[in-house]
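**Q** Show me the folded form of this:
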Amino acid sequence: MIHAPEGLPPSLAGLERTCVFGVLNVTPDSFSDGGRHDDVESAVAAGIALRAAGADLVDVGGESTRPGAARVEEDVERQRVLPVVEALAAADVPVSIDTMRAGVAADAVAAGACLVNDVSGGLADPQMLAAMAEVDVPYVVMHWRGHGWYMDTKAVYRDVVADVVAELRDRLAACEAAGIDPRRVVVDPGLGFAKRPEHNWALLAHVDQLSALGHPLLVGASRKRFLGALLADESGPRAIPEREAATTAVTALLAARQVWAVRVHNVRDSADAVRVAAAWQEVDA
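**A** So this is what the prediction gives:
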């Protein structure tokens, strides 16, 4: 049975399959689609298209968190995302906000966002957890060890699965201490964030240990470096746009494990995959 967080809109709370987040980066420098939606009109059109292609949620982000990325000023991030969140919510598109800043998160929820996706798990902004205790939407806590410009130096583990589970458990305790309803908290293992390819594969292979934390699980594998490395040939890693089949395969496997949600760029293929997994499981039951 799919374990969903509390606080979702009714249309999402009633899903009996894995939820699909469609990525909408309103940035010039995101690793896959930076610069494609650099004005409000094109970003809103892209969000509506993601919804039409099968996205259950459109995840709007205004700051790249790719390896090597530098931070942007908070006012810049706010100016990028808030008009898009507001317009998509007004068009009845369920929207989440991808941000590490408490102020941006709170403003986005006020503008209509129905979930906050914080890749830092509350570590980048000391005000984030207190802010999330004041809103009634789900909060995604990702495993994180540092910002993009230095996170690769933090990819050192004794046992990556045990270490990530322990560090997520610490963040869950911090959320509860801040007054966040545990039923609203989602966990994300942070594939690609301070992790080498072998770390990502280990986490995927032991997704049951992540689910054992007792919270809904969101996984973002879409187009990431470890897939490019897996598919490399003599010319080097597989190009980012050519990692879609591998991404869809990961989605299908996660959906078969009844993970609550996946976060992807190419929505249609993953939306098809989660529906296939749900139909298969319904017959098997």
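**Q** CA only for contacts and neighbour counts going forward, please
**A** OK.
**Q** can you give me the strands for the protein?
**A** Along the chain, the segments classed as strands by DSSP state E run 19-25, 57-61, 95-98, 115-118, 139-142, 185-188, 218-219, 261-264.
**Q** give me the number of residues near Pro67?
**A** 18 (other C-alpha atoms under 10 Å).
**Q** list the contacts for it?
**A** Residues near Pro67 by C-alpha atoms under 8 Å, 6 or more residues apart in numbering: Gly148, Trp149, Tyr150, Met151, Asp152, Phe193.
**Q** give me that answer again for 10 Å
**A** Ser30, Phe31, His147, Gly148, Trp149, Tyr150, Met151, Asp152, Gly192, Phe193, Ala194, Arg225 (C-alpha atoms under 10 Å, 6 or more residues apart in numbering).
**Q** Return a ChimeraX selection command for the buried portion of the residues you listed.
**A** Here is the ChimeraX command that selects only those of those that count as buried (16 or more other C-alpha atoms under 10 Å):
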select :30,31,147,148,151,152,192,193,194,225
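**Q** Reformat the strands of the chain as JSON lines; add mean pLDDT, distance to Ala174 and mean neighbour count.
**A** Formatted as JSON lines, these follow (pLDDT from 0 to 100; distance: least, C-alpha to C-alpha, whole Å; neighbours: other C-alpha atoms under 10 Å):
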{"stretch": "strand 19-25", "mean pLDDT": "97", "distance to Ala174": "26", "mean neighbour count": "28"}
{"stretch": "strand 57-61", "mean pLDDT": "97", "distance to Ala174": "24", "mean neighbour count": "28"}
{"stretch": "strand 95-98", "mean pLDDT": "98", "distance to Ala174": "20", "mean neighbour count": "29"}
{"stretch": "strand 115-118", "mean pLDDT": "98", "distance to Ala174": "14", "mean neighbour count": "26"}
{"stretch": "strand 139-142", "mean pLDDT": "98", "distance to Ala174": "11", "mean neighbour count": "27"}
{"stretch": "strand 185-188", "mean pLDDT": "98", "distance to Ala174": "11", "mean neighbour count": "26"}
{"stretch": "strand 218-219", "mean pLDDT": "98", "distance to Ala174": "19", "mean neighbour count": "24"}
{"stretch": "strand 261-264", "mean pLDDT": "98", "distance to Ala174": "23", "mean neighbour count": "26"}
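**Q** out of those strands, nearest to Ala106?
**A** strand 115-118 (8.8 Å; C-alpha to C-alpha).
**Q** Format the CA atom coordinates belonging to that closest one as CSV.
**A** The C-alpha trace of strand 115-118 is given here as CSV (Å, rounded to 0.1, in the frame of the first residue of the first chain):
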residue,chain,number,x,y,z
LEU,A,115,4.1,21.0,-0.7
VAL,A,116,7.6,22.2,0.3
ASN,A,117,10.5,20.3,-1.2
ASP,A,118,13.7,21.2,0.8
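**Q** From the contact counts, what lies against it?
**A** Packing partners of strand 115-118 (3 or more C-alpha pairs under 10 Å, 6 or more residues apart in numbering; DSSP states H and E): strand 57-61, strand 95-98, helix 102-111, strand 139-142, strand 185-188.
**Q** Can you tell me which helices and strands the last one packs against?
**A** Secondary structure elements in contact with strand 185-188, counted by 3+ C-alpha pairs under 10 Å, 6+ apart, are strand 115-118, strand 139-142, helix 160-177, helix 207-211, strand 218-219, strand 261-264.
**Q** In TSV: the strands of the chain, plus distance to Pro10.
**A** Formatted as TSV, the strands of the chain follow (distance: least, C-alpha to C-alpha, whole Å):
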stretch	distance to Pro10
strand 19-25	13
strand 57-61	13
strand 95-98	14
strand 115-118	13
strand 139-142	17
strand 185-188	17
strand 218-219	19
strand 261-264	16
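**Q** residues contacting the closest residue in space to Ala108 that isn't next to it in sequence?
**A** Closest residue to Ala108 apart from its sequence neighbours, by C-alpha to C-alpha, 6 or more residues apart in numbering: Leu82 at 5.9 Å. Residues counted as contacts of Leu82 (C-alpha under 10 Å, 6+ apart) are 40, 60-62, 88, 97, 104-105, 107-113.
**Q** what bits of the stretch 1-150 of the chain have low per-residue confidence?
**A** Applying pLDDT under 70 to the stretch 1-150 of the chain flags the ranges 29-37.
**Q** hmm, try it at 50
**A** Residue ranges of the stretch 1-150 of the chain with pLDDT under 50: 29-32, 34.
**Q** now do the stretch 151-285 of the chain
**A** Counting by pLDDT under 50, the stretch 151-285 of the chain shows no low-confidence range.
**Q** Good, wrapping up.
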